[in-house]
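[1] Predicted model follows, preceded by the sequence.
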Amino acid sequence: MAATVLHGEDGLRSAVDAHLGYSDWLEVDAARIALFAQATGDIDATYLSISLSNMFLPQIVEVRGFSMGINYGTETVRFPTPLVAGTALRGGASLEELTEVRGGVQTRMLITIESRDAEGLAGKPVCIIESISRWLH
């Protein structure tokens, strides 16, 4: 899928309250979960979904026209349904808020990681992230 491209402050402002698109689907099998557990020491796959947001987001949106973009952190992170091995995940994003900060703007983006084929969970979110970024001139 082609990423939505936003150009500068005007592009960001025009995208507030807009859905920006979806990433490609990614199959999450037991081997991927085992690699995550090995790398983190955490055998619970719950946090794999938030980690995958870093792979999904650049597929969804690209922001241009700033000298620097900073991953400033997160607000709320929720895990409403379990991540099940053998399902596919994708990310979707919407730009919820834009505020002025010294030297640029700050955005709050809602990233939703959803499952495709888990029995009884298809289309339901496994992770919802309020991601904060700063875009500096």
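    Perfect, thanks for sending it.

[2] by contact count, what packs against the one helix or strand in the chain whose mean pLDDT sits lowest?
    Each helix and strand of the chain was given a mean pLDDT (mean pLDDT, DSSP states H and E); the minimum falls on helix 30-40 at a mean of 92. When contacts are defined as 3 or more CB pairs under 8 Å, 6 or more residues apart in numbering; DSSP states H and E, helix 30-40 sits against helix 48-60. Any C-beta I mention is one placed from the backbone N, CA and C, and that applies to glycine too.

[3] Run through who's touching the helix it packs on.
    Helix 48-60 is contacted by residues 1, 3-4, 20-24, 26, 28, 32-33, 36, 77, 79, 83, 89-93, 109, 111, 113, 126-127, 129, 131 when judged by CB atoms under 8 Å, 6 or more residues apart in numbering.

[4] go with 7 Å
    Applying CB atoms under 7 Å, 6 or more residues apart in numbering, the contact partners of helix 48-60 are 1, 3-4, 20-24, 26, 33, 36, 77, 83, 89-91, 93, 111, 113, 126-127, 129.

[5] The nearest residue to Arg32 once chain neighbours are set aside: neighbouring residues, count only.
    In space, and not counting its chain neighbours, Arg32 is closest to Leu48: 7.5 Å by CB to CB, 6 or more residues apart in numbering. When neighbours are defined as other CB atoms under 10 Å, Leu48 has 22 of them.

[6] before we move on, what about Val84?
    Residues near Val84, counting by other CB under 10 Å, number 16.
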